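**Q** need a structure here:
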Amino acid sequence: MVVTGVPQDGKAASRPVAGSKLAVLRKHPIFCDLDPEALDQLCRYAKHATLKRGATIFSKGDPGTSMFAVISGTVKISTSSPDGRSAILNLISAGEIFGEIAVLDGQARTADATANTNCEIFIIDRREFVPFVKSQPALAMKFIELLCTRLRWTSEQVEQIILQNLPGRLANALLRLTEKHKLAPGGRTIAVTQQEISEMVGMTRESINKQLRVWADRKWVRLEHGAIVVLDAEPLQALAEAGSDDSGD
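**A** Residues are numbered from 1 along each chain as shown. As a prediction, the model looks like this:
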């Protein structure tokens, strides 16, 4: 693990963070069904850390020594090619966990994890977490479900990149981000830049900007600095379901 510029235990973590561990983990869908004693044990394993935007959490190929839970902010899971091209595989927000694959199988990291914003996270060491999961069969089943969700997410991304045109891929990405983060229906603001969207759908930023401006003129979305607001999800849903239909241009 290569968490940079992150105070972990000590004075920085001695504030009410210790007490907040229980509240954060109890709300998490993976851990919410643990009995109080097991939850207390998990809290003892969790170390608090703060990260500045751009901080490296781990890099592809690093050993999977820890798992992470996001308290606040957003973490970017990405990969890059030797010629400098980048692809965003996922954006992990508050209430979600990441880094579990390498922790569970003991293999190297499959992607890079970077603080996309200023973040707070909990870090749980593999040496403590794996025995804990083995002692909690229901928790092990939760992680199987999580891994299945990750696999479905990845399969859908691959399918969209291969089969869908730009409008369909972009509409799908926006809808999945609004659903994933359970944003309020009245004003679904996605804290994502156009560059980040381009790296998610595999198209240039210029193409993304052109398509978003068309949708903004139709009042389907509103473009803000560092964010996109979905105003009308129905036409986006129609484009997402149209597959390779070119009617969205």
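**Q** which residues touch residue 233?
**A** 175, 178, 188 (C-beta atoms under 8 Å, 6 or more residues apart in numbering). Placement of C-beta: from N, CA and C, glycine included.
**Q** mind putting the residues you listed in JSON lines, neighbour count, distance to residue 214 and pLDDT included?
**A** Formatted as JSON lines, these follow (neighbours: other C-beta atoms under 10 Å; distance: C-beta to C-beta, whole Å; pLDDT from 0 to 100):
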{"residue": "175", "neighbour count": "18", "distance to residue 214": "17", "pLDDT": "89"}
{"residue": "178", "neighbour count": "20", "distance to residue 214": "19", "pLDDT": "84"}
{"residue": "188", "neighbour count": "20", "distance to residue 214": "19", "pLDDT": "80"}
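**Q** Let's see which of those residues end up in strands.
**A** residue 188 (DSSP state E).
**Q** For residue 109, which non-adjacent residue is closest in space?
**A** residue 62 (4.6 Å; C-beta to C-beta, 6 or more residues apart in numbering).
**Q** ok, the one you found touching residue 108?
**A** Yes. Applying C-beta atoms under 8 Å, one finds residue 62 in contact with residue 108, separated by 6.5 Å.
**Q** now the longest helix anywhere in the chain, how far from the centre of its chain.
**A** Counting by DSSP state H, the longest helix found in the chain is helix 137-163. A distance of 13 Å separates the centroid of the chain from that of helix 137-163, by C-alpha atoms, centre = their mean, to the nearest Å.
**Q** Also stretch 202-222?
**A** That offset, for stretch 202-222, works out to 23 Å (C-alpha atoms, centre = their mean).
**Q** Give me the phi and psi for the residue nearest to residue 109.
**A** The phi/psi pair for residue 62 (degrees, to the nearest 10) reads phi -70, psi 150.
**Q** Give the other helices and strands that the helix or strand where residue 67 lies contacts.
**A** Element membership for residue 67 (DSSP states H and E) is strand 66-72. Contacts defined by 3 or more C-beta pairs under 8 Å, 6 or more residues apart in numbering; DSSP states H and E place strand 66-72 against helix 17-27, strand 97-98, helix 100-105, strand 119-125, helix 126-134.
**Q** rerun that using 6 Å as the cut-off
**A** strand 119-125 (3 or more C-beta pairs under 6 Å, 6 or more residues apart in numbering; DSSP states H and E).
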